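Peer 1: turn this into a structure:
(2 chains)
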Amino acid sequence: MNRRSFVKGSAAAIPATVALQMMSTSAFAQGFSNDVDVLNYALTLEYLESEFYRQGNGAGLLSGTEADYLQQVGADEDAHVAALTDTINQIGGAPVEAPAVDFGESFASRQSFLTTAHVFENTGVQAYLGAAGFISNPDILQAAAGIFGVEARHAALIGSILGLNAEDGVYMGATETPLTQAEVLKAVEPFLAGMGAMAGGAAVTR
Amino acid sequence: MKSNEIFEGKPVMAFDNAADRRNFLKWAGIFGVGSTLVAAGVTRPFSASAQGGGDIDILNYALTLEYLEADFYKQGVAAKLVSGREEELIVPIRDHEAAHVSAISSTISDLGGQPVATPKFKYPGPTFKSRDAFLKTASTFEELGVTAYHGQVTRIKNPDILAAAASIAGVESRHAAVLADLIGGDPFPAPVEATKSMAQVLKAAKPFLK
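Peer 2: Predicted coordinates for the structure are as follows:
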């Protein structure tokens, strides 16, 4: 499988001077002032997912096709982290660092692993949809949409192997629903260690 | 089907400005089942510059594919080829495609456009004769639909239409993953969804159009 990088050559369309005020802890600050902000927001979520699957897939909770599927999901998230990081660098931005995470009891069982994965994937779908409108570069929009679709695949498949109801489980209606940054933060906050250090993030929860 | 009417979409620019982009978020959630922009109380959300023929052409292109999917699942479900959990997973797909037809048609009308009529469809003989043939064709349609939507992402001019299209495309991705799983295929063929041009999609869809 060709796990390639995307938006090759997109840097040409980006102004050389992009404001670089992003700090490693402010990916959830309210609003996006440029494409780098959006990409760093996405990168933070992808870091979370990537690390989540690294730990979960390492816990030996799954077997057979399920294990294969979740390995592939994890590999996709790794590819998203790499691609987003490359893209931010290409357009002259500074990629945020991986957040400190704490997945609590998520890896206590197959059920808890997959249930938490399902939440992550659906939140990812909604986060991309909610942020897409802030992207100005068409190449980046294309890539973000392409990732969004793959997160939807993950969400559906994980819902399916959990045996959830088809509607409001595997599918979430005839159309996807976006979430704002604040809503996404609320959903992932339990998994971010040391949120008190996230000045930007704290601001949106007030 | 008069393909030249449907597949004549011209390349369009990305959003005119940042404000147009930001409108995307505002409207991104209202393209629900049976609701249109007008029904949601949004009578004229589009700037004059965003009402060119390009977006309507793209919507009619999407509508044609949704017509095909809706008809396909209607026949496939009626043929009682799947049961149990499989049926439970397929019936909502049929309903989603019907909802997409309805929503896209209404949106085209709201924009002052003319929704294309339902084409006449034909399916190869064995399509509705077995569970395997039905689901394999379904998987092909879903993957085609995903690449069709993603192929239009940067061609859609109106942010509201882009939001609506994206919210549908994500559901097609869900369908594609479920179908791949049911037929023993790969639910996750790549880390980023692939794209196909209108010409490529038309070529793939043409065998099903009378």
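
Peer 1: so whichever strand or helix holds residue A:121, near chain B or not?
Peer 2: Following DSSP states H and E, one finds residue A:121 within helix A:110-131. Yes: under the criterion of CB under 8 Å from any CB of the partner chain, chain B is reached by helix A:110-131 at A:125, A:129-130. Every C-beta, even on glycine, is put in place using the N, C-alpha and C of the backbone.

Peer 1: what's the next helix or strand after that helix packed up against?
Peer 2: Using DSSP H and E, the helix or strand that follows helix A:110-131 towards the C-terminus is helix A:138-161. Here helix A:138-161 touches helix A:35-58, helix A:64-90, helix A:110-131, helix B:131-151, helix B:159-182, going by 3 or more CB pairs under 8 Å, 6 or more residues apart in numbering or on different chains; DSSP states H and E.

Peer 1: 10 Å instead?
Peer 2: helix A:35-58, helix A:64-90, helix A:110-131, helix B:84-110, helix B:131-151, helix B:159-182 (3 or more CB pairs under 10 Å, 6 or more residues apart in numbering or on different chains; DSSP states H and E).

Peer 1: any low-confidence regions in chain A?
Peer 2: Under the criterion pLDDT under 70, the flagged ranges of chain A are A:1-30, A:194-206.

Peer 1: for chain B, that is, sorry about that
Peer 2: Short version for chain B, where the test is pLDDT under 70: B:1-53.

Peer 1: where does the closest residue to residue A:36 other than its chain neighbours fall, helix, sheet strand or coil?
Peer 2: Once flanking residues are discounted, residue A:36 sits nearest to residue A:93: 3.5 Å by CB to CB, 6 or more residues apart in numbering or on different chains. The three-state assignment at residue A:93 reads coil, by DSSP: H, G, I helix; E, B strand; the rest coil.

Peer 1: residue of chain A nearest chain B, please.
Peer 2: residue A:133 (2.5 Å; CB to the nearest CB).

Peer 1: what's the local residue count around that residue?
Peer 2: Residue A:133: 27 surrounding residues under other CB atoms under 10 Å in any protein chain shown.

Peer 1: hang on, it packs against residue B:163?
Peer 2: Yes: at 6.6 Å, residue A:133 counts as touching residue B:163 under the criterion of CB atoms under 10 Å.

Peer 1: thinking again about what came up before, what is the nearest of the residues of helix A:110-131 next to chain B to residue B:182?
Peer 2: Proximity to residue B:182 was ranked across the residues of helix A:110-131 next to chain B by CB to CB; first place goes to residue A:125, at 20.9 Å.

Peer 1: number of nearby residues for that closest one?
Peer 2: Using other CB under 10 Å, residue A:125 has 30 neighbouring residues.

Peer 1: thought it was touching residue A:145?
Peer 2: No: the pair residue A:125 / residue A:145 is not scored as a contact, 11.4 Å apart, by CB under 10 Å.

Peer 1: shared neighbours of those two, anything?
Peer 2: Counting by CB atoms under 10 Å, 6 or more residues apart in numbering or on different chains, the contacts common to residue A:125 and residue A:145 are residue B:170.
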